[in-house]
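S.K.: Next come a sequence and a model predicted from it.
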Amino acid sequence: MVCFRFFGGIMEKLNLIPFPVKSVVKPGGLDVGGKIHINRSDELVGPADFLAEKLHLWGIEAQAGAGVSISLRLDDSLSRLGEEGYQLRVNPEGVSIVALGTAGIFYGIQTLLNLLPADYSAAKVLPCIEIEDWPRFSWRGTMLDVSRHFMPVEFIKKWLDLMAMHKLNIFHWHLTDDQGWRLEIKKYPKLTATGSVRARTLLTHIRAEGERVYEEKAYGGYYTQEQVREIVAYAAKLNIEIIPEIEMPGHASAVLAAYPHLACPGYEHEVKCEWGIFDDIYCAGSEEVFGFIDDIFAEVVSLFPSQYIHIGGDEVPTEHWQQCPLCQQRMQDIGLDDERELQSYFIQRAEKMLEKYGRKLIGWDEILEGGLAENATVMSWRSFEGGLKAARQGHHVIMSPLQHCYFDYSQTDRSDEPLAIGGPLTIETVYEFNPIPAELEGQYHQYILGGQGNIWAEYIRTPEAIEYMSYPRLIALAEVLWGTGRADYSFFAARLGGQLRRLGNFDVNYWGKA
Ligand code: TNX
């Protein structure tokens with residue numbers, strides 16, 4: 001159903017993304033140009049300040065007792081809308097946003113802002129409307145890989161702002177990988193002193209024929225703990241939870257370059273300058289390794305209040321474990337049949353440590369190999385398969401299958417697309433994503449927490465390039481994860497132009513920008 005609004009002689013589509021679950025457009029409009037005042041209770045000072053700050057962009061100023069009333073109110077009787085749901089009403093007397101919790105108020109504010117014209121100088125007339133809205137999924141995520149290419153603090157904040165605009169609420173921060181460790185850890189300074197710097201960077205595609213071309217200079221960067229705290233606090237104001245990812249037991253070259261004693265004996269390690277899957281993994285036979293990981297977790301949980309900590313767990317070649325006397329001894333001692341079981345043992349120990357800190361473990365779908373840790377949540381990336389398997393075992397799942405959710409793939413097959421790891425993956429394909437595939441039996445639907453778009457950054461070197469690859473595809477994903485699950489691409493496409501004009505206001509370098 002397309003809703004239209006009619007005022008000022010112009011018929012315009014109700015340009016909201018994600019489109020609300022229920023909306024009824026009424027005759028008439030409310031002019032909010034000029035002054036407004038915000039009525040709110042004490043606990044809503046944060047959302048009210050946020051609203052006032054944003055309205056300022058349109059030249060709308062908040063002043064006590066002046067102009068149109070915008071009321072923000074918590075209401076315990078709205079539990080049917082959940083923590084993030086809200087009611088928004090605009091009528092000739094004013095605006096009201098009511099919700100069970102502050103997150104719902106925040107999302108009502110986002111919708112209100114999206115009802116204002118994309119053009120700041122246009123008439124500031126809101127349509128009279130009644131909206132009732134709530135998310136389909138509680139996990140509406142993006143993942144940013146800052147190991148392959150480092151992104152500055154200011155850009156991370158902009159990324160979070162854009163997420164909030166689209167009602168996305170989980171930022172999965174991929175902080176460690178073979179090509180660079182990017183998080184300050186006080187107890188192990190070499191992680192950043194040595195592990196954050198690689199000697200050079202591959203510029204040509206890893207699978208390209210012919211000579212490889214490199215940028216022949218050292219590349220590095222990391223976040224101090226102070227910066228992390230600042231970003232976590234910034235995200236919290238936007239109803240975004242940050243989930244840090246600390247990769248293990250694979251994708252560990254940068255750690256092992258800094259602290260080689262954590263590897264199986266007999267190998268050399270360096271911070272990698274190319275992309276791919278490497279044999280450099282933590283030794284699973286050494287107790288020192290588990291002590292080290294516990295120390296890392298202790299600092300990580302002090303920085304990130306998130307319920308979940310992501311431990312990676314993907315792409316674990318077991319060549320070194322097969323050759324390593326310590327790993328083989330460990331397997332014998334505890335009666336493991338093969339290295340996949342050793343991989344599972346490793347993850348189970350990580351889970352126990354996290355439980356000690358009151359946190360839950362998430363890993364990529366490879367953590368299913370050799371047996372899933374007791375309470376683990378699975379992030380399914382290679383396809384839906386791992387996620388389906390985990391859900392049927394009663395584990396929570398985040399669906400992030402590469403065929404819908406990999407925004408490091410090119411957006412089209414056109415020859416003028418920038419170098420990308422693979423593709424194409426069109427925006428239509430993103431929009432067709434359903435985190436609950438039809439084949440999953442009803443009793444397991446409850447285990448699917450939601451979905452996530454992943455931006456791996458092997459070939460994405462700058463903030464502008466990150467935006468180019470992510471938008472507009474992320475807009476489609478946001479609607480999928482918030483929306484009702486009734487995908488109608490032409491209805492979405494009709495609203496997309498308006499949303500892109502809004503992104504233009506924030507200098508977003510989206511794909512297709514004129
Ligand atoms: C696979 S997805 C990886 C990453 C790469 C990505 C490139 C996952 C858990 N591992 O290390 O960057 O493919 O698309």
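M.R.: Arrived safely. Numbers count the residues shown, from 1 in each chain.
S.K.: For the residue in the stretch 251-400 of the chain that the ligand sits nearest to, grab the count of nearby residues.
M.R.: Nearest to the ligand, among the residues of the stretch 251-400 of the chain, is residue 314, at 3.5 Å (Cβ to the nearest ligand atom). For every residue, glycine as well, the C-beta is placed using N, CA and C. Taking other Cβ atoms under 10 Å as the criterion, the count of residues near residue 314 is 17.
S.K.: One more: residue 238?
M.R.: Using other Cβ under 10 Å, residue 238 has 20 other residues around it.
S.K.: Just give the nearest non-adjacent residue to it, would you?
M.R.: Distances taken as Cβ to Cβ, 6 or more residues apart in numbering put residue 164 closest to residue 238, at 3.9 Å, once the chain neighbours are dropped.
S.K.: pLDDT of the helix or strand hosting that neighbour, averaged?
M.R.: Here residue 164 sits within helix 153-165, counting by DSSP states H and E. Mean pLDDT, helix 153-165: 98.
S.K.: Show the contacting residues for the nearest residue to residue 297 once chain neighbours are set aside.
M.R.: Excluding the flanking residues, the one nearest residue 297 by Cβ to Cβ, 6+ apart is residue 353, at 5.4 Å. For residue 353, the contacting residues are 290, 293, 294, 297, by Cβ atoms under 8 Å, 6 or more residues apart in numbering.
S.K.: Just to be sure, which of those are found in helices?
M.R.: 290, 293, 294, 297 (DSSP state H).
S.K.: Out of those residues, who's the most crowded?
M.R.: With neighbours taken as other Cβ under 10 Å, the top of the ones in helices among the contacts of residue 353 is residue 293, carrying 23 neighbours.
S.K.: wait, isn't that residue in contact with residue 347?
M.R.: No. Counting by Cβ atoms under 8 Å, residue 293 sits too far from residue 347 to count as a contact (10.9 Å).
S.K.: Name the residues contacting each of these two.
M.R.: Counting by Cβ under 8 Å, 6+ apart, nothing touches both residue 293 and residue 347.
S.K.: In stretch 435-446, which of the residues would be classed as buried?
M.R.: Using 16 or more other Cβ atoms under 10 Å as the test for burial, stretch 435-446 gives 435, 436, 440, 444.
S.K.: Would you check how far apart residue 62 and residue 129 are?
M.R.: 21 Å (Cβ to Cβ, to the nearest Å).
S.K.: sorry, back to before: for the buried residues of stretch 435-446, which one is nearest residue 40?
M.R.: Using Cβ to Cβ, residue 435 comes nearest to residue 40 of those, at 34.4 Å.
S.K.: what's the helix or strand just after the helix holding residue 164 packed up against?
M.R.: Using DSSP H and E, the next helix or strand after helix 153-165 towards the C-terminus is strand 170-174. Packing contacts for strand 170-174, counted by 3 or more Cβ pairs under 8 Å, 6 or more residues apart in numbering; DSSP states H and E, involve strand 139-145, helix 153-165, strand 241-248, strand 448-455.
S.K.: redo that, cut-off 7 Å
M.R.: Judged by 3 or more Cβ pairs under 7 Å, 6 or more residues apart in numbering; DSSP states H and E, the packing partners of strand 170-174 are strand 139-145, strand 241-248.
S.K.: just checking, next helix/strand downstream of that strand?
M.R.: Using DSSP H and E, the helix or strand that follows strand 170-174 in sequence is strand 176-177.
S.K.: Just give the strands next to that following strand in its sheet, each with its orientation.
M.R.: Using DSSP bridges, strand 176-177 pairs in its sheet with strand 180-181 (antiparallel).
S.K.: list the buried ones in the helix or strand following the partner strand?
M.R.: Using DSSP H and E, the helix or strand that follows strand 180-181 in sequence is helix 190-193. Neighbour counts over helix 190-193 (16+ other Cβ under 10 Å) mark 191, 192 as buried.
S.K.: How about stretch 217-226?
M.R.: Across stretch 217-226, burial judged by 16+ other Cβ under 10 Å covers 219, 220, 222, 223.
S.K.: Take those and write them to TSV, including secondary structure and distance to residue 362.
M.R.: Below are the buried residues of stretch 217-226 laid out as TSV (DSSP: H, G, I helix; E, B strand; the rest coil; distance: Cβ to Cβ, whole Å):
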residue	secondary structure	distance to residue 362
219	strand	28
220	coil	27
222	coil	23
223	strand	20
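S.K.: circling back to that earlier point, farthest pair in the buried residues of stretch 435-446?
M.R.: Top of the distance list for these (Cβ to Cβ): 435 and 444, 12.2 Å.
S.K.: quick revisit: tell me which of residue 62 and residue 129 has more neighbours.
M.R.: Taking neighbours as other Cβ under 10 Å, residue 62 and residue 129 compare with residue 129 leading, 25 against 18.
S.K.: Near the residue in the stretch 1-150 of the chain that the ligand sits nearest to, how many other residues are there?
M.R.: Across the stretch 1-150 of the chain, no residue is closer to the ligand than residue 145, which sits at 6.2 Å (Cβ to the nearest ligand atom). Using other Cβ under 10 Å, the number of residues around residue 145 comes to 24.
S.K.: Let me see the contact set for the residue nearest to residue 120 when sequence neighbours are not counted.
M.R.: Sequence neighbours aside, residue 58 is the residue nearest to residue 120 in space, at 5.1 Å (criterion: Cβ to Cβ, 6+ apart). Going by Cβ atoms under 7 Å, 6 or more residues apart in numbering, residue 58 touches 116, 120, 124.
S.K.: try residue 487
M.R.: Applying Cβ under 7 Å, 6+ apart to residue 487 gives the contacts 431, 432.
S.K.: Return the residues of the stretch 101-250 of the chain in contact with the ligand.
M.R.: Residues of the stretch 101-250 of the chain lying near the ligand by Cβ under 6 Å from any ligand atom: none.
S.K.: ok, 8 Å please
M.R.: Neighbours of the ligand within the stretch 101-250 of the chain, by Cβ under 8 Å from any ligand atom: 145, 148, 177.
S.K.: Identify the residue nearest the residue nearest in space to the middle of the chain in space, chain neighbours excluded?
M.R.: The residue lying closest to the centre of the chain (Cα atoms, centre = their mean) is residue 142, at 1.9 Å. Spatially, and ignoring its direct neighbours in sequence, residue 142 is nearest to residue 453 (5.2 Å; Cβ to Cβ, 6+ apart).
S.K.: Could you list which of the contacts of residue 58 belong to helices?
M.R.: Among the contacts of residue 58, no member lies in helices (by DSSP H).
S.K.: Just the buried residues of those.
M.R.: The neighbour-count test (16+ other Cβ under 10 Å) marks 116, 124 as buried among the contacts of residue 58.
S.K.: before we move on, back to that, just name whatever secondary elements the helix holding residue 164 is in contact with.
M.R.: By 3+ Cβ pairs under 7 Å, 6+ apart, helix 153-165 packs against helix 225-237.
S.K.: roughly how far is the helix it packs on from the heart of the chain?
M.R.: Helix 225-237 has its C-alpha centroid displaced from the chain centroid by 15 Å (Cα atoms, centre = their mean, to the nearest Å).
S.K.: Buried by neighbour count: which residues of the strand or helix carrying residue 495 qualify?
M.R.: Counting by DSSP H and E, the element that carries residue 495 is helix 489-505. By neighbour count on 16+ other Cβ under 10 Å, the buried set for helix 489-505 is 492, 495, 496, 498, 499, 500, 502, 503.
S.K.: Next, the angle helix 153-165 makes with it.
M.R.: Helix 489-505 runs at 140 degrees relative to helix 153-165, counting by axes from the mean of the first three to the mean of the last three Cα atoms, to 10 degrees.
S.K.: residues making contact with helix 489-505?
M.R.: Applying Cβ under 7 Å, 6+ apart, the external contacts of helix 489-505 come out as 2, 13, 15-17, 118, 428, 431, 471-472, 475-476, 479, 510.
S.K.: Which residues of the stretch 401-514 of the chain lie near the ligand?
M.R.: 402, 406, 408, 409, 421, 422, 454, 456, 457, 458.
S.K.: Could you work out the most separated pair of these?
M.R.: By the measure Cβ to Cβ, 402 and 457 form the most distant pair in those, at 15.2 Å.
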